[in-house]
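Engineer: with the sequence up front, the predicted model follows.
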Amino acid sequence: MEGDLENFLHILDCLPVAAMVMMFNEDSLREPGRQSIVYVNQKYHQLIGYPLELMPSHQDGMVVAPSEAQPQEKLLLFCRSIGQQLRETQDSVQARLQVRCGDGDERDFQVTGVSCTVIQDHYLITFQEVTRFTAEIEQLKQQSEIDQLTGVFNQHHLLRRLTAEVERAQSSGTGFTLMMFDLDFFKDVNDHYGHNCGDQVLITTVDIIRTALSGVDCLARWNGADFVVLMREDNPGIARQVIQKAWQGVRAHTFCWQDSTFAMTTTVGLTTYRRGDTPESILDRADLALKRGKRVGGDFIFVDDSG
Ligand SMILES: Nc1nc2c(ncn2[C@@H]2O[C@H](COP(=O)(O)OP(=O)(O)OP(=O)(O)O)[C@@H](O)[C@H]2O)c(=O)[nH]1
């Protein structure tokens, strides 16, 4: 057994992958402080930056290098949970883990745990760094949720946020307000001054609306000249006051294009969350409120009071 372990650890040191070996048996299950990391290979030391002496051992319990105790503790707990899962399933276990490394950087790792069949009660845990990959995915995800012209969120993001907000409202009992915001006669701007001017009007309008909102409100472009505001405010009177600033701001602005100046107005449909609402039902109500505002000629804030 001793020889097997020595051989195994020697092979691990030749691997280009960061790896650790954990011992996890019935005793460690009964006494949670006794789980232990038996070995970390050279690549682990290089990549993650902790030598074995700084890893928690059963004597130290959960306490490791004082300044970095917490991240290491998390790492140990995580490895332990891998050990537990492996004991139960006998399969390999994979997970993503963020580790604060010896140089102080927090990096992302794909962690894989497998049972060492040659040495009983020992588990091999490997760490493959995926920080760059994770950052690229995050950037792509953000780009895919942003409207390229105006820089606000797009419909896809809004639907995701709205779904989460409906779930939150259902469980917490505190509602929110949804508003649809549409530029009146926007098509005329395109027809009269051209598409580039229309684009500039959309960008300026977004800037004006955004100034009136707080950082926690969600502003998204729904389509064309329609925008949606999701506000964590269940009092329609207060929400109306906030949106009125944006509505008034657009109204008061002088839009300029080449030698021409012109004014724009908007119409807003406002509704608040009701128990039993789905994202679709609340969107339909906001849209209906917007249409009612349009029906009276636009330049209007229509507050839905059908409930
Ligand atoms: N410049 C520009 N125009 C766009 C863009 N997306 C959609 N549109 C135009 O927006 C117009 C539709 O806007 P609507 O709000 O439906 O039309 P509207 O004239 O404002 O009508 P009402 O909303 O009823 O007042 C069409 O002319 C589209 O071509 C865009 O990204 N840039």
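Structural biologist: That came in fine, so what should we check first?
Engineer: look at whichever residue of the stretch 101-250 of the chain sits closest to the ligand and tell me its secondary structure.
Structural biologist: Nearest residue of the stretch 101-250 of the chain to the ligand (Cβ to the nearest ligand atom) works out as residue 198 at 2.5 Å. Heads up, the C-betas are built off the backbone N, CA and C, glycines and all. Each residue gets one of three states, and residue 198 gets helix by DSSP: H, G, I helix; E, B strand; the rest coil.
Engineer: the one 10 residues further on now?
Structural biologist: Reduced to three states with three-state DSSP, the structure at residue 208 is helix.
Engineer: give the contact list for it.
Structural biologist: Listed by Cβ atoms under 8 Å, 6 or more residues apart in numbering, the contact set of residue 208 reads 246, 249, 250, 253.
Engineer: which ones are touching the second one?
Structural biologist: If a contact means Cβ under 8 Å, 6+ apart, then residue 249 has 208, 209, 211, 212 as its contacts.
Engineer: hmm, 6 Å instead?
Structural biologist: Neighbour list for residue 249: 208, 212 [criterion: Cβ atoms under 6 Å, 6 or more residues apart in numbering].
Engineer: spell out which parts of the stretch 151-300 of the chain neighbour the ligand.
Structural biologist: Those residues of the stretch 151-300 of the chain that sit near the ligand, judged by Cβ under 6 Å from any ligand atom, are 182-187, 190, 195, 198-199, 202, 224-225, 294, 298.
Engineer: return a PyMOL selection command for the buried portion of the residues you listed.
Structural biologist: Entered in PyMOL, the line below selects the buried ones among those, by 16 or more other Cβ atoms under 10 Å:
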select buried, resi 182+183+184+186+190+198+202+225+294
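Engineer: among the residues of the stretch 151-300 of the chain next to the ligand, name the ones in strands.
Structural biologist: 182, 183 (DSSP state E).
Engineer: ok, of the residues of the stretch 151-300 of the chain next to the ligand, which one's closest to residue 37?
Structural biologist: Lowest distance from residue 37 to those (Cβ to Cβ) belongs to residue 202, with 56.8 Å.
Engineer: for the closest one, which non-adjacent residue is closest in space?
Structural biologist: residue 150 (5.7 Å; Cβ to Cβ, 6 or more residues apart in numbering).
Engineer: you'd agree that neighbour is up against residue 207?
Structural biologist: No - applying Cβ atoms under 6 Å as the test, residue 150 and residue 207 come out as separate, 8.7 Å apart.
Engineer: these two: who's more crowded?
Structural biologist: When neighbours are counted by other Cβ atoms under 10 Å, residue 150 comes out ahead of the other of residue 150 and residue 207, with 21 against 14.
Engineer: quick one on the thing from earlier: ok, the residue nearest to residue 202 - contacts?
Structural biologist: Residue 150 makes contacts with 202, 203, 206, 221, as judged by Cβ under 6 Å, 6+ apart.
Engineer: which bits of the stretch 1-150 of the chain sit near the ligand?
Structural biologist: In this structure, the stretch 1-150 of the chain approaches the ligand at residues residue 149, judged by Cβ under 6 Å from any ligand atom.
Engineer: can you give me the strands in the stretch 1-150 of the chain?
Structural biologist: In order along the chain, the stretch 1-150 of the chain carries the following strands (DSSP state E, counting those that start in this stretch): 18-23, 36-40, 93-100, 106-115, 122-129.
Engineer: show me what the shortest one is packed against.
Structural biologist: So that's strand 36-40. Other elements packing on strand 36-40 under the criterion 3 or more Cβ pairs under 6 Å, 6 or more residues apart in numbering; DSSP states H and E are strand 18-23.
Engineer: show me what the strand it packs on is packed up against.
Structural biologist: With contacts taken as 3+ Cβ pairs under 6 Å, 6+ apart, strand 18-23 sits against strand 36-40, helix 42-48, strand 122-129.
Engineer: report all helices and strands that the last one contacts.
Structural biologist: Counting contacts by 3+ Cβ pairs under 6 Å, 6+ apart, the secondary-structure elements packed against strand 122-129 are strand 18-23, helix 69-89, strand 106-115.
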